[in-house]
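> any chance you could fold what I've pasted below:
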Amino acid sequence: MTYRFRFVLLFAAACVAFPERSPAPVIFRPSEKAKYKAPGEVEISGNANELFAQAEAAEQNGDRGRAIKIYKRMVKRYPRSDKAPEATFRSAKLTELQGDLLKAAPIYRGLMEIYPQTAHFQEAIESQFRIGEILLNGKKRKILGVPVGSTLEEAVEIFAAIVRSAPYGRYTARAQFDIGRAREK
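Numbers count the residues shown, from 1 in each chain. Have a look, this model is predicted:
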């Protein structure tokens, strides 16, 4: 066999063994009839609602860590669910309340980029800006509880995300100004 044929055969075997998951307009489930779903239609997610209810219960009981994990799992499994933007926002809010600003910022950024039509878009922009200001004003990165490094680059990324996501927003001019301040330091 030639090397080209072996490569094509190996590539075909890899494609069959590791298929890419893709959403389809027709949903097949065992022991159910096929359902047609129009493009952009909300995904039917009984399990998403159950996960959301579990996360809300954990949040009400004061178990923030468990609630964050459930919200993230729900968004990962059901990204097109109608509860996914709310779950993303709540996981970001809880992460911020735990004091981990460097982990909360990418979650807010994901909310702004993936779900720009959410009702929490403006709140996400405000939270991103607030986190960026805190990082710009000198909050240090901590490793094992010891402050070690500057967070100016993270602040610049946060402000750049605000400018990209809301170019005509209320915080855009200040975000651009703060990018300049961070580059100056």
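
> the residue positioned nearest the centre of the chain: helix or strand, and which one exactly?
By Cα atoms, centre = their mean, the chain has its centre lying nearest to residue 110, at 3.5 Å. Assigned by DSSP states H and E, residue 110 belongs to helix 101-114.

> that helix packs against which elements?
In terms of contacts (3 or more Cβ pairs under 8 Å, 6 or more residues apart in numbering; DSSP states H and E), helix 101-114 is packed against helix 84-97, helix 121-136, helix 152-165. (C-beta placed from N, C-alpha, C; glycine too.)

> so the chain: which segments form each domain?
Domain ranges of the chain: 44-98, 99-185, per automatic domain parsing.

> out of these, which gets nearest to residue 18?
domain 44-98 (18.6 Å; Cβ to Cβ).

> where does the chain dip in pLDDT?
Low-confidence segments of the chain (pLDDT under 70): 1, 19-46, 140-149.

> circling back to that earlier point, centre of the chain to the helix holding residue 110, how far?
The chain centroid and the centroid of helix 101-114 are separated by 6 Å under Cα atoms, centre = their mean, to the nearest Å.

> one step back: residue 173 is nearest to which of the helices and strands packed on helix 101-114?
Counting by Cβ to Cβ, and looking across all of these, nearest comes helix 152-165 at 9.3 Å.

> ok, and for the closest one, which residues are buried?
Neighbour counts over helix 152-165 (16 or more other Cβ atoms under 10 Å) mark 152, 154, 155, 156, 157, 158, 159, 161, 162, 165 as buried.

> from those, which is closest to residue 118?
Distances from residue 118 to those, taken by Cβ to Cβ, are shortest for residue 165, at 11.6 Å.
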